[in-house]
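[1] Prediction below, plus the sequence it came from.
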Amino acid sequence: MTLQQLRCLCEVVDRGYSVSRAAVALHTSQPAVSKLVKQLEQQMGAELFVRSRGRIAGLTEIGRDVHELARRMLRDASALSDLAAERARETRGVLRIGTTHLHARYALLDVITAFTRAYPDVHLDLTQGNPDEIMAWVAAGSVHLAVSTLPDTVPPSVLTLPAYVIERCVITPLKHPLLKAKRLTLREIAKYPLITYDRVFNSGNVVLGAFEKQGLQPRVAMKATDANVIKAYVAAGLGISVFQKMAYEPAEDRRLAVLDPGSLFPASQAFISLRRGQYLRGYAYDFIARVAPRWGRAAVDRELKAG
C-alpha cells in the first residue's frame, strides 16, 4: 500500500464519502481516486467501504480499522516530512561571521575547514575588520556572530561568550642581540625598535599599555594591522615585535627567532559575540561549539535567555 492510497481513503471519508469531492481536494480525477481505493481494497483482501447502488455509503468494520490506522500513518508521515524540512534548514543556508585577520588565519582555519566539510550546503561569509567594526556589525545584525577580542564598549544588545585565551611571544630576526639577554624585561625589550599592532586592535593596546605602566616609551618603528606584515618586517630586520603566539609558525617562520616573555604582557581573551534576540540555525550553534566546546546549544540558549 502507498501513502497516496491512504490519502484517498481518508479524503473520501472526510468529504462525506464523495469520490468527486475527494478528487477535487487531491487535485486529481475521480477515476484516479476510485482506482487507488480499489487497489487498497485488493491489497487488504476486503472491501473497506459500504456501497449502495454504486455509491459509497460508509465504512465497513475493517474499513474503520484501516481508516484509523491510515490517519495515524499520515500524521506520522507528515511529522517525518516536517522533520526533514527542518533538518534541511539546519544544514543549508548562509553563516556570516565577523573576525580579524589574525583569528581568521590562525585560530579559525581548522574550525572552518572542518565545518565546511560537515556542512557543504552552508555558505560561509567571512568579513574581517577591527574589534570596533566587528562589534558594530554584530549589533546591527550584519553578521550572525563574531570571533575576536572585545572593543572598549559592548552594546547591551550583544552577548559575549569567552572562547579562548591569546598568549604572546616576542619575535626577533635571527641572531638579534635580544636573544643574548640574560633576563627578558620590558626595559630590555624597549631598547630596540618595535613593530606592533595599531591600537584599534587589542594587542596594540595591551603591548603598549604594558610599557606605559612601567613608565617606558618603546621606539615604535611601525604599526600594522596584519600579523603576516609584522612577521615580514621583523624578518627583514626592521624591528622586533610582541606578538600573538598562535601566529608564530616554526615551519614557515624560519627567519624569525622566538622568546617567551613570561608574564611581562598579559594574555588576552577572545570572545564569541552574538546579537540577542536573533534566530540561530543549528549549524550556527555547531560553529560556536567548534570554536569553544564549552558553548553547546543549551549553554548558549541559557546565556541568551539570561540577558
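    Okay, I see it.

[2] Show the contacting residues for the spatially closest residue to residue 71 that is not a sequence neighbour.
    Nearest non-adjacent residue to residue 71, counting by C-beta to C-beta, 6 or more residues apart in numbering: residue 10, 6.1 Å away. (C-beta placed from N, C-alpha, C; glycine too.) The contact partners of residue 10, taken as C-beta atoms under 8 Å, 6 or more residues apart in numbering, are 67, 70-71, 74.

[3] Output the below-cut-off pLDDT ranges for the stretch 201-307 of the chain.
    Along the stretch 201-307 of the chain, segments meeting pLDDT under 70 span 307.

[4] can you give me the helices for it?
    202-213, 227-235, 282-291, 297-306 (DSSP state H, counting those that start in this stretch).

[5] What are the buried residues along the longest one?
    In other words, helix 202-213. Within helix 202-213, the residues that count as buried by 16 or more other C-beta atoms under 10 Å are 202-208, 210-211.

[6] residues making contact with that helix?
    With C-beta under 8 Å, 6+ apart, helix 202-213 has contacts from 102, 131, 149-150, 166, 168, 186, 190, 196-199, 217-218, 220, 223, 242-244, 264-266, 268.

[7] which intervals of the stretch 51-200 of the chain have sub-threshold pLDDT?
    Filtered on pLDDT under 70, the stretch 51-200 of the chain yields the residue ranges 79, 82-89.

[8] what are the ranges of the helices in it?
    Counting by DSSP H, counting those that start in this stretch, the segments of the stretch 51-200 of the chain that form helices are 61-91, 101-102, 109-118, 131-140, 186-189.

[9] now for the second one, which elements pack on it?
    Packing partners of helix 101-102 (3 or more C-beta pairs under 8 Å, 6 or more residues apart in numbering; DSSP states H and E): none among the helices and strands.

[10] Could you identify which of the helices of the stretch 51-200 of the chain is most buried?
    Of all the helices of the stretch 51-200 of the chain, helix 101-102 carries the top mean neighbour count, a mean of 22, counting by mean count of other C-beta atoms under 10 Å.

[11] Identify all contacting residues around it.
    By C-beta under 8 Å, 6+ apart, the list of residues contacting helix 101-102 reads 128, 203, 225-227, 244, 246-247.

[12] how about CSV for those residues, with distance to residue 45 added?
    Output for the contacts of helix 101-102, formatted as CSV (distance: C-beta to C-beta, whole Å):
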residue, distance to residue 45
128, 69
203, 78
225, 78
226, 77
227, 75
244, 75
246, 71
247, 74
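
[13] Now, of the residues you listed, which are buried?
    Among these, the ones that count as buried by 16+ other C-beta under 10 Å are 128, 203, 225, 227, 244, 246-247.

[14] Inside strands: which ones of the contacts of helix 101-102?
    With DSSP state E as the criterion, strands contain 128, 244 from among these.

[15] thinking again about what came up before, could I get the helix or strand encompassing the residue nearest to residue 71 in CSV with only the CA atoms?
    Assessed by DSSP states H and E, residue 10 sits inside helix 3-14. Output of helix 3-14 as CSV, limited to C-alpha atoms (Å, rounded to 0.1, in the frame of the first residue of the first chain):
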residue,chain,number,x,y,z
LEU,A,3,0.6,6.9,1.2
GLN,A,4,-1.4,8.1,-1.8
GLN,A,5,-3.9,5.2,-1.4
LEU,A,6,-4.3,6.1,2.3
ARG,A,7,-4.8,9.8,1.5
CYS,A,8,-7.5,8.8,-1.0
LEU,A,9,-9.2,6.7,1.7
CYS,A,10,-9.2,9.5,4.3
GLU,A,11,-10.3,12.2,1.8
VAL,A,12,-13.3,10.2,0.7
VAL,A,13,-14.3,9.8,4.3
ASP,A,14,-13.6,13.5,5.1
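
[16] Backbone dihedrals for the residue of the chain most remote from its centre, please?
    Outermost residue of the chain with respect to the C-alpha centroid, by C-alpha atoms, centre = their mean, is residue 53; its distance is 64.1 Å. Note on residue 53: its backbone torsions stand at phi 50, psi 40 [degrees, to the nearest 10].

[17] Excluding covalently adjacent residues, which one is nearest to residue 119?
    residue 283 (5.1 Å).

[18] For that neighbour, give me its contacts.
    90-91, 93, 95, 115, 119, 122 are the contacts of residue 283 under C-beta under 8 Å, 6+ apart.
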